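K.L.:
Quick one, what's the 3D model for this:
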Amino acid sequence: MLRSVQGIVLRSMDYGEGNKIISLFTPELGKVGVMARGAKKVKSRHAAVTQLFTYGDFVFFKQRGQMGSLNSAEIIEAHHALREDLHMSAHASYLVEMTDRMLGEEEGSTYIFEQLKAGLMAIEEGKDMQIVVHLYEMKMFDLAGYLPVTDACVSCGETSGITSFSPAMGGTLCTRCRYKDAMAIPIAEGTLKLLKLFPRMDMRRLGAVQVKEETKAQLKACMRAYMDVHIGVQWKSRGFIEQMEKYNI
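P.N.:
Predicted coordinates for the structure are as follows:
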């Protein structure tokens, strides 16, 4: 069957002497593997459109249970800057890696597609990469059914006096329940506001936010610990980001 879709390249792998296999994320079909014959060749009409992060129109032939075969493609947004800048590339890679590993094959989601598309554009436009990443992580938690409780105490339901975040218990804790998790992460009011906002916020509406470094540090601690406890995946791209942070690259 011939399919015509918009898609974002999540992975691009060399195959054989001159071919590439790409993993496309599309709104209707979810993740789809497509063979692009001759795409490794410099003069190939498919060389540019099969690069990582590329957003474009793709036409491919696919039979049920088989890999697709690319017929034609047109670039809508090449995202050159995401591949050329080390920090942009690392954070954009984390977005596509989460999408690739947390969505099942042919599991479509127009909403997640739009969030990923907006997230890549936000990074390229120079918006705070850490905030973009945390916002998208929250979308992934929601998709996986592990959205943390952030609008009340996860233990007693109290909505006031929230002072910490417990990855193990699944959300925020009030002062009275703080003792229930010795490993809970202390959070300030600004951090709590963002944790409440992220589940409801659409990436497409993200502006040029200014967040204090202290708040960003608390957010990072909360989101990374929560990801490790509830998703438990060793993210290659996040590991690279952490190495850059460690050596102040």
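
K.L.:
Going by C-alpha atoms from here, please, whenever you check contacts or count neighbours.
P.N.:
Noted.

K.L.:
If you count neighbours, what's buried in stretch 9-26?
P.N.:
Applying a neighbour-count criterion of 16 or more other CA atoms under 10 Å, one finds 9-12, 15, 19-26 buried in stretch 9-26.

K.L.:
repeat for stretch 143-151
P.N.:
146-151.

K.L.:
residues in contact with it?
P.N.:
Outside stretch 143-151, the residues within contact range by CA atoms under 8 Å, 6 or more residues apart in numbering are 102, 138, 141, 159, 170-172, 192, 195-196, 199, 230.

K.L.:
Among the residues you listed, which are located in helices?
P.N.:
With DSSP state H as the criterion, helices contain 102, 138, 141, 192, 195-196, 230 from among those.

K.L.:
Start from the N-terminal end of this structure and give the helices.
P.N.:
Under DSSP H, the chain gives helices at 80-84, 86-102, 110-124, 129-144, 189-197, 213-230, 236-246.

K.L.:
Could you measure from the closest residue in space to Glu28 that isn't next to it in sequence over to Leu194?
P.N.:
Ranked by CA to CA, 6 or more residues apart in numbering and with sequence neighbours excluded, the top spatial neighbour of Glu28 is Gly108, at 5.1 Å. Distance, Gly108 to Leu194, by CA to CA, to the nearest Å: 28 Å.

K.L.:
so who does the residue nearest the centre of the chain touch?
P.N.:
Nearest to the mean C-alpha position of the chain, by CA atoms, centre = their mean, lies Leu95 at 2.6 Å. Contacts of Leu95 were listed using CA under 8 Å, 6+ apart, and they are 116, 119-120, 133, 136.

K.L.:
Format these as JSON lines; extra columns: neighbour count.
P.N.:
Below are those laid out as JSON lines (neighbours: other CA atoms under 10 Å):
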{"residue": "Leu116", "neighbour count": "24"}
{"residue": "Gly119", "neighbour count": "27"}
{"residue": "Leu120", "neighbour count": "26"}
{"residue": "Val133", "neighbour count": "20"}
{"residue": "Tyr136", "neighbour count": "26"}
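
K.L.:
Out of the residues you listed, the closest to Ile185 would be?
P.N.:
Minimum distance to Ile185 across the contacts of Leu95 is 19.5 Å, recorded for Val133 (CA to CA).

K.L.:
coming back round to it: what's the burial count for the residue nearest to Glu28?
P.N.:
By other CA atoms under 10 Å, 18 other residues sit near Gly108.

K.L.:
before we move on, back to that, to Leu2, which of the helices of the chain lies closest?
P.N.:
Nearest to Leu2, of all these, is helix 110-124, at 20.3 Å by CA to CA.

K.L.:
Domain-wise, how is the chain divided?
P.N.:
Residue ranges for the domains of the chain, per automatic domain parsing: 2-78, 82-246.

K.L.:
State the mean pLDDT of the longest strand seen in the chain.
P.N.:
For the chain, the longest strand by residue count, based on DSSP state E, is strand 2-15. Mean per-residue pLDDT for strand 2-15: 96.

K.L.:
if I look at Asp181, how far off is Arg238?
P.N.:
Asp181 sits 26 Å away from Arg238, going by CA to CA.

K.L.:
out of those two, which sits in the more crowded spot?
P.N.:
Shown here are Asp181 and Arg238; by other CA under 10 Å, Arg238 has more neighbours (18 against 15).

K.L.:
Which residue is the nearest non-sequential neighbour of the more buried one?
P.N.:
Per CA to CA, 6+ apart, closest to Arg238 is Tyr94, 6.0 Å.

K.L.:
Is that neighbour in contact with Ser237, as I believe?
P.N.:
Yes - if you go by CA atoms under 8 Å, Tyr94 and Ser237 touch, sitting 5.0 Å apart.
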